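Student: okay, sequence plus prediction incoming.
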Amino acid sequence: MNRLRPNIRDMKGYVPGFQPDDVASWIKLNTNENPYPPSPRVVEAIYEEVGVDGALLRTYPSASSAKLREAAGELYGFDPSWIIMANGSDEVLNNLIRACAGEGEEIALVHPSYSYYATLAEVQGARVRCFGLTDDFRIADFPERYEGKLFFLTSPNAPLGFAFPQEYVEELAQRCSGLLVIDEAYADFADANVMELVKKYDNVVVTRTFSKSYALAGMRLGLAIARPEIIAALDKIRDHYNLDRLAQAACVAALQDQPYFRNSCTRIRETREWFTQELIAIGYQVIPSQTNFVFVSPPDRNGKRVYEALYGRKILVRLLSDPLLAHGLRISIGTREEMELTLAALKEIG
Ligand SMILES: *Cc1c(COP(=O)(O)O)cnc(C)c1O
């Protein structure tokens, strides 16, 4: 197979969380999906776009997702020229690497965080530098001046769930000579976010996804906010029709129904707080979470044992293969009922 580029031939490829075929027979808490459906207005908008005979589907969608940039700009307080829409935030994470790092050039990420960044870098042939975390959740050994082309900071962190404080993120922005990409996939579940830093620092990019808080993982929608020069570069790289018509219609409707969205996020946050307290009461260690999941470790620090016992009860959570995380489990926050059943199962398992 010497026709393949060596980095592609030798790489392992990313393994997404397990999606069972008989999804209805599981309590599925392994991929941080939203347990509540999207706004009813999203469903209406999709039907409307399809119409009775699908006539609109003959024609290409807006290449720039123009209405979405406007709707997102209005919501977040940015001119549309500072926003790019993506076919899932994964698409824009990929294009950020392609825009900044050539073959052999360095990008950085935090370990543990979202491991897909490393896969994307491997495809590009970029080198990856991993920074660990200190016990108080700061970046270990981060240089006074970091010269890599791009640094991915997942905040709130996945899979641990904590968020970096804004002052600290600002300090990192000042120490990076390349881009600081803050992946705020979970920011809608947090007390605060750092989107405003995009206005203050010309190397800061913030990405968001509609997969979790807006319950649209199945539609593939994400966005990035950055200076217009960066957005213009990303626009050159992306597929020109990167978002299909249905996704665009769904996304505008989702953004416009803020009351529904806020209610859904509030319910998940309340369930998260309740579940956290209950787990602590049965001797689990739980990292206080700013997301729609919790990273927990059982008293015997044997994540695999508890994973398997839950699996046997048709409750699916995430056991991460990383040895650093084998003592625990990442559990997405489902409905209150699902979490009550999960708690009862954990008490039984012991
Ligand atoms: C889920 C997730 C993404 C991917 O979002 P999509 O919009 O579904 O591609 C990106 N980053 C982090 C940290 C995530 O957890």
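Tutor: Ah, there it is. Numbers count the residues shown, from 1 in each chain.
Student: residues in this structure within reach of the ligand, list them.
Tutor: Gly88, Ser89, Asp90, Tyr114, Thr154, Ala158, Asp183, Ala185, Thr209, Ser211, Ala217, Gly222 (C-beta under 6 Å from any ligand atom). From N, CA and C alone the C-beta is placed, and that goes for glycine too.
Student: quick check, the third one in contact with Ala224.
Tutor: No - taking C-beta atoms under 8 Å as the definition, Asp90 is not a contact partner of Ala224, at 11.5 Å.
Student: neighbour count: the two, which is higher?
Tutor: Comparing Asp90 with Ala224 by other C-beta atoms under 10 Å, the one with more neighbours is Ala224, at 25 against 22.
Student: tell me the strands beside the helix or strand encompassing that one, with direction?
Tutor: Here Ala224, judged by DSSP states H and E, is contained in strand 222-225. According to DSSP bridges, strand 222-225 has the following sheet partners: strand 83-86 (antiparallel), strand 204-209 (antiparallel).
Student: I'd like those written out as CSV, with mean neighbour count added.
Tutor: Formatted as CSV, these follow (neighbours: other C-beta atoms under 10 Å):
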stretch, mean neighbour count
strand 83-86, 26
strand 204-209, 26
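Student: and the ones you listed as JSON lines, adding mean pLDDT?
Tutor: Formatted as JSON lines, these follow (pLDDT from 0 to 100):
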{"stretch": "strand 83-86", "mean pLDDT": "98"}
{"stretch": "strand 204-209", "mean pLDDT": "98"}
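Student: mind listing what Lys212 touches?
Tutor: Residues near Lys212 by C-beta atoms under 8 Å, 6 or more residues apart in numbering: Asn32, Glu33, Asn34, Ala185, Tyr186, Asp188, Phe189, Asn292.
Student: near the first one, how many other residues are there?
Tutor: Think Asn32. By the measure other C-beta under 10 Å, the count of residues near Asn32 is 23.
Student: show me what residue of the stretch 51-200 of the chain gets nearest to the ligand.
Tutor: At 3.0 Å from the ligand, Gly88 is the closest residue in the stretch 51-200 of the chain, using C-beta to the nearest ligand atom.
Student: list the contacts for that residue?
Tutor: Gly88 touches Thr209, Ser211, Arg220, Leu221, Gly222, counting by C-beta under 8 Å, 6+ apart.
Student: again with Arg269
Tutor: Phe189.
Student: which secondary structure element is home to it?
Tutor: Per DSSP H and E: helix 258-281 holds Arg269.
Student: in that helix, what counts as buried?
Tutor: Tyr260, Phe261, Ser264, Cys265, Ile268, Arg269, Thr271, Arg272, Phe275, Thr276, Glu278, Leu279 (16 or more other C-beta atoms under 10 Å).
Student: which one of those is nearest Gly73?
Tutor: Phe261 (16.8 Å; C-beta to C-beta).
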